[in-house]
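Asks: after the sequence you'll find the predicted model.
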Amino acid sequence: MAYPDTFEGFAVHDPSKWSEVKKIQFTPRPFQEDDVDIKIEACGICSSDIHTISGGWGQPKLPSIVGHEIVGTVVRVGSKVDNIKVGDTVGMGAMCWADLTCDVCKSKNENYCANWIDTYDDAYPDGSRTYGGYSNYARCNKEFAFKIPKGLSVEGVAPMLCAGITTYSPLKRNNIGPGKKVGVVGIGGLGHFALQFAKALGAEVYAISRNDKKKADALKLGADYFIETEKEGWNLPYKYNFDLIISTANSSQNFDLDAYVSTLNIGAKFVSVGLPEDKMEMNAGSFIKNGCYFGSSHLGNREEMKEMLELAAEKGSEAWYEPISISQEGIKNGLEKLHRNDVKYRFTLTNYEKQFE
């Protein structure tokens, strides 16, 4: 069987061999009248993919096809789809569904809906599995397919659909703009977007990294200042300086949270979006001196996703990415290099037409 009855993708079958994939066919959930089907042209490789297929965030549903930074062409729309048409270029991020009827959704916080469904390694109420973008097609509710503005390449915009929105949302929700000072911890897949968007919104931007290896890149990405945390007392000149810190660090080892917190202004926030697998220790007393807050953020709502894409098109912002032709070997190479942090700064899977008829 072939499309639309079955899709095809590259799946992990064993978390202990998380970089090894095999091509399988799978059955998507039954097509609904408010669904769209996307023929995939590009998909970012995200650290979430590795956390999932390696079992770092718990036992995955096997076989597991990951990938939630999807861009492609709409090839089918349901009878109730009125915002998208066949032939549109759209993106699909890490959520493929929310109930949109609960109080949380009605408050424009559908990215926190108790019933949200992830693009992969999840299941719909009818039991149908979700599979990600290392596949030839994707199916999702019309509300979670986003038109890609002209001027953005499919390869460069794909990583924005998870990494981009993950950093854009906390910037918007904390009213970042002219006159605000933002610190970005970590210059990588997430951090390089945070720098671009903070600058695009008009803030004064500080890149914060262990050493100066990425200083030149950080300044090109939009940082006004660069701070090296390996230097003794690095935080002292910046006490009460930041209105917001976005931390993209993916490890809490040797992370001196007290030093970072000391640089926050009164009532300011430290928002962690890196989601390290290991626990982060903290002392409530650390937050007393400046009455600051520690928290996190999950993706962004639909309005923020559309705003981010429009802003990126307006400013000419895209991912700094390395293309990889999708294949068994390409996926293995991309996952393993990402695990070693050997990427500048995202990988995007491309050339889907060579693997899928």
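Replies: Nice, I can see it. This structure is a prediction, so every number in the text was calculated from the model and none was measured. Residues are numbered from 1 along each chain as shown.
Asks: distance between stretch 284-294 and the chain's centre?
Replies: 28 Å (CA atoms, centre = their mean, to the nearest Å).
Asks: the stretch 201-350 of the chain: helices as residue ranges?
Replies: Here the stretch 201-350 of the chain has its helices, by DSSP state H, counting those that start in this stretch, at 215-221, 257-261, 302-315, 328-339.
Asks: now render the ones you listed as CSV, adding mean neighbour count.
Replies: All C-beta spots, glycine's among them, are computed from the backbone N, C-alpha and C. As requested, those are exported to CSV (neighbours: other CB atoms under 10 Å):
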stretch, mean neighbour count
helix 215-221, 17
helix 257-261, 19
helix 302-315, 18
helix 328-339, 18
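Asks: redo those as a markdown table? Include distance to Ala268 and mean pLDDT.
Replies: What follows is the helices of the stretch 201-350 of the chain, written out as a markdown table (distance: least, CB to CB, whole Å; pLDDT from 0 to 100):
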| stretch | distance to Ala268 | mean pLDDT |
| --- | --- | --- |
| helix 215-221 | 21 | 98 |
| helix 257-261 | 9 | 92 |
| helix 302-315 | 21 | 97 |
| helix 328-339 | 31 | 97 |
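Asks: which one of the ones you listed lies nearest to Glu41?
Replies: Glu41 lies closest to helix 328-339 among those, at 15.0 Å (CB to CB).
Asks: out of the helices of the stretch 201-350 of the chain, which is closest to Val36?
Replies: Between Val36 and those, the tightest spacing by CB to CB is seen for helix 302-315, at 14.2 Å.
Asks: now do the closest one: which elements does it pack against?
Replies: strand 146-147, helix 163-173, helix 191-200 (3 or more CB pairs under 8 Å, 6 or more residues apart in numbering; DSSP states H and E).
Asks: picking up where we left off before, can you tell me which of the helices of the stretch 201-350 of the chain comes nearest to Phe31?
Replies: Between these, helix 302-315 lies closest to Phe31; by CB to CB that is 21.4 Å.
Asks: so which of the helices of the stretch 201-350 of the chain comes closest to Tyr3?
Replies: Closest approach to Tyr3 among these (CB to CB): helix 328-339, 20.9 Å.
Asks: how about residues contacting that closest one?
Replies: Contacts to helix 328-339, defined as CB atoms under 8 Å, 6 or more residues apart in numbering, come from residues 10, 18-23, 45, 47, 49-50, 53, 134, 324, 343, 347, 349.
Asks: show the buried residues in the residues you listed.
Replies: Among those, those scoring as buried are 10, 18-21, 23, 45, 47, 49-50, 53, 134, 324, 343, 347, 349 (criterion: 16 or more other CB atoms under 10 Å).
Asks: pick the one among these closest to Ile187.
Replies: Val343 (12.1 Å).
Asks: could I get the helices and strands packed on helix 302-315 as JSON lines with distance to Lys332?
Replies: Below are these laid out as JSON lines (distance: least, CB to CB, whole Å):
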{"stretch": "strand 146-147", "distance to Lys332": "30"}
{"stretch": "helix 163-173", "distance to Lys332": "21"}
{"stretch": "helix 191-200", "distance to Lys332": "24"}
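Asks: deepest-packed of those, please.
Replies: helix 191-200 (a mean of 28; mean count of other CB atoms under 10 Å).
Asks: which outside residues touch it?
Replies: Defining contact as CB under 8 Å, 6+ apart, one finds that helix 191-200 is touched by 159-160, 163-164, 166-168, 171, 176, 182, 184-185, 187, 205, 207, 217-218, 221-224, 246, 248, 308, 311-312, 314-315, 317, 319-320, 345-346.
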